[in-house]
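*Asks:* build me a model from this:
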Amino acid sequence: MGLIIMLGASELGIKAARKLNYDVVVIEKKGKELNKYVTSEVLSIYFSDISDSFETIELIKSIHKMHGKSSLIISFTELGLETAAIASEYFNLKTNSITAIKNTRNKIEMRKALNKYEELSLCFWHGLIDEIPDLSNIDLNLIVKPSDGYGSKNISFIGGKLDWNNWKEKNINNKNTEWIIEPYIDGNEFSVETVSSNGFHNIIGITEKDTTGLPNFVEIGHSVPAKLSELESNIINDYTIKVLNALNIEFGAGHLEFKWDNNKNQPVLIEAHTRPGGDKIPYLHYLTSGLDQYALAIESLSKTINITSPVPNSFACIRFIETEPGLLKGLQINQPINDNVVEYHFDYKLGEYIPELKDSLSRVGHVIFWHKNLSKLNEIKNTFMDSIHLNYFSRV
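*Replies:* I've put the predicted structure just below:
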C-alpha cells in the first residue's frame, strides 16, 4: 500500500497499518521504551521531539531519502496530533486542518468554536489564575480543569465558596496554567467513537463510563455498548455529527466525551479528540462489533469510509483495579482467568509503592471482560473483581 510515518509508537495503530499492508516508520519522543512487537514490525524507529513540527519535518525529509516518500503522516497519540497535521500539510498529504486539531486539543478554543451554535453552546470562563473572575458566590456548581488537560488530571469540583477558596489557594503559585471553568453537569458520562472520511462521519459506537465521581471523576471502567434507549442513542448520534461538523473534522478517528444532562435531558460535550480513545475503548468496540477504529481511521485518508450503524452481537467492558496508596506486599486472585477474561494486566511488582488514585495516570492495572450475554458478563465481572485482593507492607 505504501509507507506510513507514525508519530508516536501506537501498538494498535501499527497493527492496523500492517494489516492494511502499509510499511511503517515510527518517530517517538526521546527516552520512550518500546516493546518487542513495535521494534519487530516497523521498518525504522527514530527518536525526536514529536511536539516540535520543525524538527519533525526535517527528520521526515531524511526518512523520505532513506525509505521513499510517505503515503500518510499520522498520529494516534496526543502529543503528535498537531505536528502530524502540520507535516501532512507541508508534504501535501491529506489531514485534518491545523485549526481543527488545535480546537480539539485546547478546551477553550473548542468551547469558542461550539458556542457559535446555539444547540452546542455552554457558558464558561477561562484564563490564568489571576485573570479568572471571582466565582465564589455564583449560583452554580462548577468544574475547573486545565485547558490542555487529559486523563482526569487536575480536575476540581467547586460546590461553593469554600471549594473555590481551597482551589485558589492550592493553585495560587501555578501562574502559567490556563484554566477553563464550566457548569457541573449532573448525569452519566459517555463517549462516542467515530471515524470521519472526507467530512462524512461514521459512528463506531457509544461507550458508557464509570467514574469515582466527586471530586476527581477518575474513570474506573467502560462498558460497550452503552445501556441507552433507541431515542437516547439517536439524540447522541445526531449531537455527535453536529459537533464534528462544528469543529470541521474531516478525517480519521474521533473520541468525543460528554455527559447526559439529567436536568435538560440532552447530551453536553465535555471534550473532543481527533484520535481513538484510550483505556482500550477501541478494543472493546472491536470485540463487540468487529469494527477496527484504527484501521478505519487509516483508510479514511485514502478512500471514503461509509459503514452502516453497527449492531453489537456481544458485550464487553474494562474495569480498572482500585487500590490504596502503599507499599505492595502481595496480590491474590481467587478466580480462574477463563476465556471471558480477555485481558488482565497489573503494572506493579511486589515491594513497589502504589500511588494514590487521583487521575487516569495513577491507575495500576485493568481487566477486560467479554460475553454474549450481558447478565452473565456482569456476573463474571463482579465475581472476578471481588476476588482480587491486594496486601500492603504499609499504607499512607
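*Asks:* tell me where the stretch 201-350 of the chain has helices.
*Replies:* Listed in chain order, the helices found in the stretch 201-350 of the chain under DSSP state H, counting those that start in this stretch are 230-246, 281-289, 293-299.
*Asks:* mind checking the SS state of Ser62?
*Replies:* helix (DSSP: H, G, I helix; E, B strand; the rest coil).
*Asks:* offset the numbering so it begins at 53, please.
*Replies:* Happy to do that; since the first residue is 53 now, the last one works out to Ser114.
*Asks:* ok, now how distant is it from Gln384?
*Replies:* 51 Å (Cβ to Cβ, to the nearest Å). Just so you know, the C-beta spots here come from the backbone N, C-alpha and C atoms, and that holds for glycine as well.
*Asks:* what of Asn250?
*Replies:* Distance of Asn250 to Gln384, computed by Cβ to Cβ: 52 Å.
*Asks:* got the phi and psi for Thr375?
*Replies:* Dihedral pair for Thr375: phi -130, psi 170, per degrees, to the nearest 10.
*Asks:* output the below-cut-off pLDDT ranges for the stretch 303-448 of the chain.
*Replies:* 446-448 (pLDDT under 70).
*Asks:* out of Asn250 and Gln384, which sits in the more crowded spot?
*Replies:* Per other Cβ atoms under 10 Å, whichever of Asn250 and Gln384 has more neighbours is Asn250, with 13 against 9.
*Asks:* residue contacts, the nearest residue to the more buried one once chain neighbours are set aside?
*Replies:* Among residues not flanking Asn250 along the chain, Thr356 sits closest, at 5.4 Å (Cβ to Cβ, 6 or more residues apart in numbering). Applying Cβ atoms under 8 Å, 6 or more residues apart in numbering to Thr356 gives the contacts 249-250, 252.
*Asks:* and Thr356, its phi and psi?
*Replies:* phi -80, psi 130.
*Asks:* correct me if wrong: Lys146 contacts Ser123.
*Replies:* No: using Cβ atoms under 8 Å, Lys146 makes no contact with Ser123, being 9.6 Å away.
*Asks:* joint contacts of the two?
*Replies:* Counting by Cβ under 8 Å, 6+ apart, the residues touching both Lys146 and Ser123 are Ser354.
*Asks:* got a list of what the nearest residue to Thr135 once chain neighbours are set aside touches?
*Replies:* Once flanking residues are discounted, Thr135 sits nearest to Ser105: 4.7 Å by Cβ to Cβ, 6+ apart. By Cβ under 8 Å, 6+ apart, the contact list for Ser105 reads 134-135, 138-139.
*Asks:* go with 7 Å
*Replies:* Contact analysis of Ser105 by Cβ atoms under 7 Å, 6 or more residues apart in numbering lists 135, 138-139.
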